[in-house]
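[1] With the input below, show me the fold.
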Amino acid sequence: MVTNGCSFDTTTVPIVIHPAPNVAFIHQPDSVCNFSPIQFITQSDVLANYAWSFGDGGTSNLTNPTHTYAATGNYTVTLTGTSLDGFYHIATETARLLMHHQLLILAINPPSGCVPLTASG
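    Presented below is the predicted three-dimensional model:
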């Protein structure tokens, strides 16, 4: 409001507030072996851009990416989505990915015997 001592003048400016886009995701499976891919699936609105951060330095701009972790642990996965009209929202989920070490099972023939045992695999 502006006053010059005698009169008042007002100006009305419309302000448009856009809702943040819905950004959400899931991952499958919940638990995998090291070096096995995990599928991340967006449950978001249709977005113009997807920016994934997998918590281990890996990133992706795909809608539904897969990612492979090299080490056992819990990873904080973040999806930042930008709506078609340019607004963004961030969804962060701690993906408690229990990475299992791969177990190597050898088939030895014969499976048992006396010492010294000669075996082949």
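[2] what sits against Val23?
    If a contact means C-beta atoms under 8 Å, 6 or more residues apart in numbering, then Val23 has 42, 44-45, 47, 79-81, 89-91 as its contacts. C-beta here means a position set from N, CA and C on the backbone, and glycine is covered the same way.
[3] Buried subset of those as a ChimeraX selection?
    Only the buried entries of the contacts of Val23 go into this ChimeraX selection, using 16 or more other C-beta atoms under 10 Å:
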select :42,44,47,79,80,81,89,91
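[4] Please identify which of the contacts of Val23 is nearest to His18.
    Comparing the contacts of Val23 against His18 with C-beta to C-beta picks out His89 as the nearest, at 10.8 Å.
[5] In this structure the closest one contacts Pro19, no?
    No: counting by C-beta atoms under 8 Å, His89 does not reach Pro19; the two are 9.1 Å apart.
[6] Okay, strands next: where are they in this protein?
    2-3, 8-9, 25-28, 37-42, 49-53, 59-60, 66-68, 75-82, 88-95 (DSSP state E).
[7] and the residue nearest the centre of the chain, bridged to which residues?
    Note on the chain: the residue nearest the mean C-alpha position is Val77, at 3.9 Å, using C-alpha atoms, centre = their mean. Per DSSP bridges, the residues bridged to Val77 are Glu93.
[8] which residues touch it?
    Here Val77 is in contact with 25, 27, 40, 52-55, 92-95 (C-beta under 8 Å, 6+ apart).
[9] 7 Å instead?
    Contacts of Val77 were listed using C-beta atoms under 7 Å, 6 or more residues apart in numbering, and they are 40, 54-55, 93, 95.
[10] same thing with Thr68?
    So Thr68 contacts 35-37 (C-beta under 7 Å, 6+ apart).
[11] go with 8 Å
    Taking C-beta under 8 Å, 6+ apart, one finds 35-38 in contact with Thr68.
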